[in-house]
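Peer 1: what shape does this take:
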Amino acid sequence: MVFTLLGGASLCGVAALVLLIISTSTDYWMQYRYSGNAANQGLWRFCINRKCHAHTLSVAFWDATRAFMLLSVLGCFAGVVLGITASKRVQSRRVRTGGIALLLSGFLALLALAIYTGKTLSHKQSKCSDCEFAWSYFLGWIGTISALAAGVLQLCANKQSD
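Peer 2: Residues are numbered from 1 along each chain as shown. Next up is the predicted model:
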């Protein structure tokens, strides 16, 4: 039973890691029209008519979202590595630490997405009626849920091994 939980945690953790990396690095958090052209933006750059440019403004909520997403990716990576290396021979401390890292990763991603959502919705109401959240943003939410699930599974595996 312990190895089944660890396997599930590892699978969820790897899925979360991939989804969080893709979400953080891609340019489709928001889609809208700008001067009649299709436009989209991510955390690092914006694109108008498929020509992308780095964000030149330092906006606090973007900076906070970027920082929390990067910390989430690092926490998820640590949790996955700890979980996978503990799978061969169940080591309680390593499994527990990995589970906590995965839960922390999920909460950091949740915080990042909550900040981004709140600021974007307030901006959308006042200035951007045709703005829509896009697939990178949604992958972030799925990655968050996967990281939290992986953390819970890993902590359950730890409890079963005690």
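
Peer 1: and the strands in the protein?
Peer 2: Remark: strands of the chain, listed N- to C-terminal, are 30-34, 37-41, 45-48, 51-54, 132-133; assignment by DSSP state E.

Peer 1: redo the ones you listed as a markdown table? Include distance to Thr97 and mean pLDDT.
Peer 2: Yep, even glycine has a C-beta here, placed from its N, CA and C like the rest. As requested, the strands of the chain are arranged in a markdown table below (distance: least, Cβ to Cβ, whole Å; pLDDT from 0 to 100):
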| stretch | distance to Thr97 | mean pLDDT |
| --- | --- | --- |
| strand 30-34 | 36 | 86 |
| strand 37-41 | 36 | 89 |
| strand 45-48 | 35 | 91 |
| strand 51-54 | 36 | 90 |
| strand 132-133 | 34 | 90 |
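
Peer 1: now render those as JSON lines, adding mean neighbour count.
Peer 2: Output for the strands of the chain, formatted as JSON lines (neighbours: other Cβ atoms under 10 Å):
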{"stretch": "strand 30-34", "mean neighbour count": "17"}
{"stretch": "strand 37-41", "mean neighbour count": "18"}
{"stretch": "strand 45-48", "mean neighbour count": "16"}
{"stretch": "strand 51-54", "mean neighbour count": "10"}
{"stretch": "strand 132-133", "mean neighbour count": "14"}
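
Peer 1: indicate which one of the ones you listed is closest to Gly151.
Peer 2: strand 132-133 (25.0 Å; Cβ to Cβ).

Peer 1: that closest one packs against which elements?
Peer 2: Under the contact criterion of 3 or more Cβ pairs under 8 Å, 6 or more residues apart in numbering; DSSP states H and E, strand 132-133 touches strand 30-34.

Peer 1: so what strands line up beside the strand it packs on?
Peer 2: Next to strand 30-34 in the sheet, as set by DSSP bridges, lie strand 37-41 (antiparallel), strand 132-133 (antiparallel).

Peer 1: tell me which residues are up against it.
Peer 2: Among residues not part of strand 30-34, those counted as contacts by Cβ atoms under 8 Å, 6 or more residues apart in numbering are 38-41, 48, 120, 128, 130-134, 137.

Peer 1: good, wrapping up.
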